[in-house]
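> need the 3D shape of this:
(chains A and B)
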2 protein chains.
Amino acid sequence: MSKNNLVLGVDIGGTNTVFGLVDKTGNIFLFSSIPTDADKSAENLFSRLFEKFHQLSENAKEEFELVGIGIGAPNANYYKGTIENPPNLNWGFVDLIPLLKKFTDVPVALTNDANAAALGEMYYGAAKGMKDFIVITLGTGLGSGIVVNGNLVYGHDGFAGEIGHTIYDPQGRQCGCGRKGCLETYVSAPGIKRTVMELIAKTNLKSRLRSVSFENLDARLITESALNGDELALEAFDFTAKVLGIKLADAVAHTSPEAIILFGGLANAGDLLLIPTRKYLEENVFHVFRNKVKILKSELNEGKSAVLGAAALIWHELSKH
Amino acid sequence: MSKNNLVLGVDIGGTNTVFGLVDKTGNIFLFSSIPTDADKSAENLFSRLFEKFHQLSENAKEEFELVGIGIGAPNANYYKGTIENPPNLNWGFVDLIPLLKKFTDVPVALTNDANAAALGEMYYGAAKGMKDFIVITLGTGLGSGIVVNGNLVYGHDGFAGEIGHTIYDPQGRQCGCGRKGCLETYVSAPGIKRTVMELIAKTNLKSRLRSVSFENLDARLITESALNGDELALEAFDFTAKVLGIKLADAVAHTSPEAIILFGGLANAGDLLLIPTRKYLEENVFHVFRNKVKILKSELNEGKSAVLGAAALIWHELSKH
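Below you'll find the model as predicted:
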């Protein structure tokens, strides 16, 4: 009986690191997680990860062959195989490929979360069969993975695809990156919270959100309020979609994608965000691209999307050889 | 004696169509042009072009083998081999590949002028050895050719690379495309003329340009004035560079190029444009990309750059097989 070729997809988060054994068509054969313990080293994390992985796969180890490991991590550099000063991990600069050689001899690839998400959509989700598309991840920031002619755009330095840090308004909101008006200060979970506060200040729209502090507010509450007809919450989604549509029009003028796929927390608002984003994209896009670009919701199982993305990354690498 | 493999590079302009026989390293063995006669058909143009080409190459035809034809043309679609409603030609929709089969049986490829310019820089100019870069052509509009991992970005529909139609200011200048504030309404030969008029209106800066009408003004006169220390002309270049630097910062966040190469009329102003563009790019770019992206001037012989670009296009295609 021939063994089943599987890869290990690993997603390193600030709190937990999730991993899973995945076949080429996206079936997940093992799925687990460990605490990242961000204060400890990368070696400590992978030591614990492989220990747990070997425990869990002990009984099945005659049935599959591990052929590669894909890793999604913040500030990961695909070309160099490094993780560079990740914001939520106390790691500094980690040269991950030599480190992993201590634990495994199969091929390893890594990239950032948004790029992994893009490959996940291409292999297992909404971008199946597409060669040119963009994935926008909407979480605490706005990440993006740009695919051109079936391959991720990494750029000269490996850090391409930072649409969240294109500028919507040079006199606009302060961004964590030190500049003003970055797209992600408007379009992200914190971004729509800021928009709610701005609308509370600027308008007299009635809203249950007037009784909630900024700290207690979250994207889920804004979504629920909008679904219940809260005018201010609806206005916040409309404004978010407008800013997104305007900047996606610029993105389309760069790489002319077949589709733009929205992924992550805020994208769960579904039509609340998708419908006005489509409208504002069409209103603002260069006429050559009008009525050509689909705005879609991610089709990856959200809890497992990061592992599927990391698995897709290494399947994609293995397919090149 | 083995024959020299050569390609024919053809650039179709609104007034003249230039063509040349080019080897893989960029040596030009024959260079000529014919009037485009924009009111007549595409078939008429190519009939005259091949007639002249055969006349001129008659004596040398034992010495070379024509292995391909590359064509740069307005509104050319690389995927479909079509030219679609070019603005300065009375052609409507032309299906060029079948048309050319009447004249030749060698491989043919076509793309728009800015994409051809990008491949020209990669094969023969400032982007030699680079895999990730952007060429910006500054003429009556702002064209762009984006190269990722050694290949042009064509996008899903073949029309990617329209950075001239990203939006600088949604309440800004009327663009020929029907929208407002497109980058090319600021950064192009007509764009800097508009900036001069705006500065005449807004400031009291002394300038010889105050005695020139909009119609009589051109980019060369603005450049000469700036080189002679005309304050208003210098201010116009500074503003042009500022707008360009701000929008190039967005472009960098998409594809993270090693260099951005400025090409065409306005780029001949050299350091007048290059130095402040570098400054404004650095001031506005996301910190990850700071001090990484070169701003360079085209290194193609300007009179022959379009033919070299068209030749590079077909050499690039031939290299894929």
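
> going forward, measure contacts and count neighbours with C-alpha atoms only.
Will do.

> A:Gly172 belongs to a strand?
No. A:Gly172: not assigned to a strand; according to DSSP: H, G, I helix; E, B strand; the rest coil it is coil.

> my guess is it meets A:Glu184, correct?
No. Here A:Gly172 does not reach A:Glu184: they are 11.4 Å apart, not a contact under CA atoms under 8 Å.

> who has more neighbours out of these two?
A:Glu184 (29 against 15; other CA atoms under 10 Å in any protein chain shown).

> count the neighbours of A:Ala38 for me.
Neighbours of A:Ala38 (other CA under 10 Å): 18.

> leaving out sequence neighbours, find the closest residue to it.
Nearest residue to A:Ala38, sequence neighbours excluded (CA to CA, 6 or more residues apart in numbering or on different chains): A:Leu89, at 4.7 Å.

> name the SS class of A:Ile314, please.
Applying three-state DSSP: A:Ile314 is helix.

> mind checking how far the closest residue to it other than its chain neighbours is from B:Asn284?
Leaving aside its chain neighbours, A:Ile314 sits nearest to A:Gly70 (4.7 Å; criterion: CA to CA, 6+ apart). Here A:Gly70 is placed at a distance of 34 Å from B:Asn284 (CA to CA, to the nearest Å).

> stretch A:134-143 near chain B anywhere?
No. Stretch A:134-143 does not reach chain B (CA under 8 Å from any CA of the partner chain); its nearest approach is 10.5 Å.

> surely A:Asp230 touches A:Arg208?
Yes. Between A:Asp230 and A:Arg208 there is a contact under CA under 8 Å: 7.4 Å.

> okay, those two: which has more neighbours?
Shown here are A:Asp230 and A:Arg208; by other CA under 10 Å, A:Asp230 has more neighbours (19 against 13).

> for that one, which non-adjacent residue is spatially closest?
Nearest one to A:Asp230, counting by CA to CA, 6+ apart, is A:Ser207 at 5.9 Å.

> is A:Ile222 in a helix, a strand, or coil?
A:Ile222 - assigned by three-state DSSP - is helix.

> contacts only, for it.
A:Lys193, A:Leu209, A:Ala233 (CA atoms under 8 Å, 6 or more residues apart in numbering or on different chains).

> got the contact list for the helix or strand harbouring the first one?
By that I understand A:Lys193. Using DSSP states H and E, A:Lys193 falls within helix A:189-202. Outside helix A:189-202, the residues within contact range by CA under 8 Å, 6+ apart are A:138-141, A:184-186, A:205, A:209-210, A:214, A:217-219, A:222, A:232-233, A:236-237, A:239-240, A:265-266.

> buried stuff in that helix?
Residues of helix A:189-202 classed as buried by neighbour count (16 or more other CA atoms under 10 Å in any protein chain shown): A:Ala189, A:Pro190, A:Gly191, A:Ile192, A:Lys193, A:Arg194, A:Thr195, A:Val196, A:Met197, A:Leu199, A:Ile200.

> now do the fourth one against B:Asn112, distance only.
From A:Ile192 across to B:Asn112, the span is 40 Å (CA to CA).

> quick revisit: and for the residue nearest to A:Ala38, the neighbour number?
19.
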